[in-house]
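K.L.:
here is the input, now give the coordinates:
(chains A and B)
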There are 2 protein chains.
Amino acid sequence: PDRLPAFATHQVGVAGAVVDESCGKVLVVQDRNKTQNAWKFPGGLSDVGENIGDTAVREVFEETGVRSEFRSLLSIRQQHKHPGAFGMSDMYLICRLRPLSYDINFCTHECLRCDWLDLAELARTTETTPITSRIAKLLLHGLEKGFHNIDLCVEELPAVCSAMFYQLYHRPLPEVKET
Amino acid sequence: PDRLPAFATHQVGVAGAVVDESCGKVLVVQDRNKTQNAWKFPGGLSDVGENIGDTAVREVFEETGVRSEFRSLLSIRQQHKHPGAFGMSDMYLICRLRPLSYDINFCTHECLRCDWLDLAELARTTETTPITSRIAKLLLHGLEKGFHNIDLCVEELPAVCSAMFYQLYHRPLPEVKET
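P.N.:
Here you go, the predicted model:
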């Protein structure tokens, strides 16, 4: 008998920080309805069955028109009784993405503004949220000292009870000896 | 108008790897019903409104009788269509804990065996799951080279739209300049 409660308790949202390493800029938006005048990373809720990186790439494209690819997981945020989550808890993951295109064509239903901003400026400005500011500082540190200092890498590992695979995110191991 | 779907899609589970740094041992269990003959870290589902670290400490105590305290977040696993999650997705977080007591008094409803195992042995044995094996290697690396190489630290940051706080997990910044 399984003594665990079997229902979903969390929303999972994903944000994508698309960093252009060649010029130190990052793609940011300002929401139309929520935190106005605050630069944020584009993002949104994960669909059922969707991997974290796929959500980030999809949401970034839907909101900004910019195509990108997943690089790493940077941060996890947990919040309870999220205003938009009907009393449920909210898990928010922030990914680092690399741009594959640069022209902005943003969704005017969701966003008021969208721009490539200097990471150093985003780390400094007060026109942002506390979390965006913190992640901007983290990304700036990665840009200057190497992203290996801030990244969680991802790998697929086989599940025990089924033919499926897990995505496992953790710090890179200098040398992984397979068993 | 909020265009986001507003329902919970994920279960969130948390495992606790309780590492005794003085002797390089880690607390592991073997499930009664599921993956038999496979050493795993104790853990279980997060209650609504419960922080990650609190879930890990609670589940470790309920399963093993060992008291511990939260140190860091080590890894995130995402899996879709988890057999126990009724088609929902499953997010599993693995925390590093420090023991506050050492005597084992394990829950015989859930566990068949419970022991303090050498991390080096857990990293080597085939009597474990692929993910436990990987995290054992990660912990062994941390034990040898410093846990700062593998830890995500946690910090509370104020939420924008409410008087609440977020728990934010990411790699430590060498010097955090508050805005």
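
K.L.:
and the helix or strand residue A:144 falls within, what does it pack against?
P.N.:
For residue A:144, the host element (DSSP states H and E) is helix A:130-145. Secondary-structure packing of helix A:130-145 (3 or more CB pairs under 8 Å, 6 or more residues apart in numbering or on different chains; DSSP states H and E): strand A:10-20, strand A:25-31, strand A:68-79, strand A:89-99, helix A:119-124, strand B:153-158, strand B:165-170. C-beta: built from backbone N, CA, C; applies to glycine.

K.L.:
tell me the mean pLDDT for that helix?
P.N.:
Helix A:130-145 shows a mean pLDDT of 93.

K.L.:
how far does it sit from the chain's center?
P.N.:
Centroid separation for helix A:130-145 versus its chain: 13 Å, with CA atoms, centre = their mean, to the nearest Å.

K.L.:
so residue A:54: helix, strand or coil?
P.N.:
Following DSSP: H, G, I helix; E, B strand; the rest coil, we place residue A:54 in the helix state.

K.L.:
gap between it and residue A:158?
P.N.:
With distances taken as CB to CB, to the nearest Å, residue A:54 is found 20 Å from residue A:158.

K.L.:
which positions within the least confident helix or strand in chain A by mean pLDDT qualify as buried?
P.N.:
When each helix and strand of chain A is scored by mean pLDDT, DSSP states H and E, strand A:165-170 comes last, with a mean of 80. By neighbour count on 16 or more other CB atoms under 10 Å in any protein chain shown, the buried set for strand A:165-170 is A:166-170.

K.L.:
try stretch A:141-148
P.N.:
Buried residues in stretch A:141-148, defined by neighbour count with 16+ other CB under 10 Å: A:141-143, A:147.

K.L.:
out of the residues you listed, who's nearest chain B?
P.N.:
Using CB to the nearest CB, residue A:141 is the member of the buried residues of stretch A:141-148 that lies nearest chain B, at 5.9 Å.

K.L.:
residue A:116 pairs with what?
P.N.:
residue A:27 (DSSP bridges).

K.L.:
let me know the pLDDT of it.
P.N.:
For residue A:116, the predicted pLDDT is 98.

K.L.:
how many neighbours does it have?
P.N.:
18 (other CB atoms under 10 Å in any protein chain shown).

K.L.:
do the same with residue A:52
P.N.:
23.

K.L.:
before we move on, what about residue A:140?
P.N.:
For residue A:140, using other CB under 10 Å, the count is 21.

K.L.:
contacts only, for it.
P.N.:
Applying CB atoms under 8 Å, 6 or more residues apart in numbering or on different chains, we find residue A:140 in contact with A:24, A:119-120, A:123.

K.L.:
quick one: residue A:28 and residue A:40 touch, right?
P.N.:
Yes. Residue A:28 is within contact range of residue A:40, at 6.3 Å (criterion: CB atoms under 8 Å).

K.L.:
which one of those two has more residues nearby?
P.N.:
residue A:28 (26 against 21).

K.L.:
quickly list what's touching both of residue A:28 and residue A:40.
P.N.:
With CB under 8 Å, 6+ apart as the test, residue A:28 and residue A:40 both reach A:128, A:132.

K.L.:
returning to what we had before: out of the buried residues of strand A:165-170, which are close to chain B?
P.N.:
Near chain B, judged by CB under 8 Å from any CB of the partner chain, the entries from the buried residues of strand A:165-170 are A:166-170.

K.L.:
what stretches of chain A score poorly on pLDDT?
P.N.:
Of all residues in chain A, those with pLDDT under 70 make up the ranges A:1-7, A:35-36, A:81-88, A:160-163, A:175-179.

K.L.:
give me that answer again for 90
P.N.:
In the predicted model of chain A, residues A:1-12, A:31-37, A:46-51, A:77-92, A:107-110, A:130, A:149, A:153-179 satisfy pLDDT under 90.

K.L.:
no further questions, thank you.
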